[in-house]
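> next input, structure requested:
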Amino acid sequence: MAKARDTEEYTGHLEDFAETGTDGIIWALSDDAECKEGDTPYDHLHILKNGDLLTIFNDNGKDVLWSGVIKLEYESYRRKSPLNPKHEKQGVCGFWVNGLQENFDPKLWFTYFRNANPAKLVKNYKKPEP
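Here you go, the predicted model:
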């Protein structure tokens, strides 16, 4: 992990993280840092948040498929729960999700995470000043 000011950079692969209590997929990056004794899977999991810079690569890890600042929105692709019609949630490709990248094809976004594409994440990204 390289630190510069409040910025942290991670390389790894995308993860469509979900477990009991998340109420759907949470978009994350699992870093490539070497696991140490006592580490938990959560120690290498970095949840994407608005303002983070994400670069997604092809399987070869060299070709950039997408790069941009994370800006999740929570209104598009809302569906009623079949088990509780009063409850609505965003749904993509048959899965509940927690936010979708604004102005991006949600199915393609989902596919990048489902396929665990290689990626680089810069937390708390601040644009360089001109």
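
> report the secondary structure element holding the spatially most central residue of the chain.
Against the mean C-alpha coordinate of the chain, by CA atoms, centre = their mean, the closest residue is residue 27 at 2.9 Å. Residue 27 is located in strand 26-31, with elements delineated by DSSP states H and E.

> ok, that strand: who's next to it in the sheet?
Using DSSP bridges, the strands paired with strand 26-31 are strand 7-17 (antiparallel), strand 45-47 (antiparallel).

> in the helix or strand following the shortest one, which residues are buried?
Right, strand 45-47. Where DSSP H and E defines the elements, the next helix or strand beyond strand 45-47 is strand 53-57. Neighbour counts over strand 53-57 (16 or more other CB atoms under 10 Å) mark 53-54, 56-57 as buried. Using the backbone N, CA and C atoms, a C-beta is placed for each residue, glycine as well.

> likewise for stretch 69-80?
Neighbour-count burial for stretch 69-80, counted by 16+ other CB under 10 Å, picks out 70, 72.

> on that earlier part again, the residue nearest to the centre of the chain bridge partners, please.
residue 16.

> residue 50: how many residues sit nearby?
Neighbour count of residue 50, defined by other CB atoms under 10 Å: 11.

> correction: residue 100
By other CB under 10 Å, the residues close to residue 100 number 21.

> also residue 64?
As a burial measure, residue 64 scores 11 neighbours (other CB under 10 Å).

> which ones are touching it?
Residue 64 sits next to 55-58 when contact means CB atoms under 8 Å, 6 or more residues apart in numbering.

> between these, which sits nearest residue 127?
residue 55 (14.6 Å; CB to CB).
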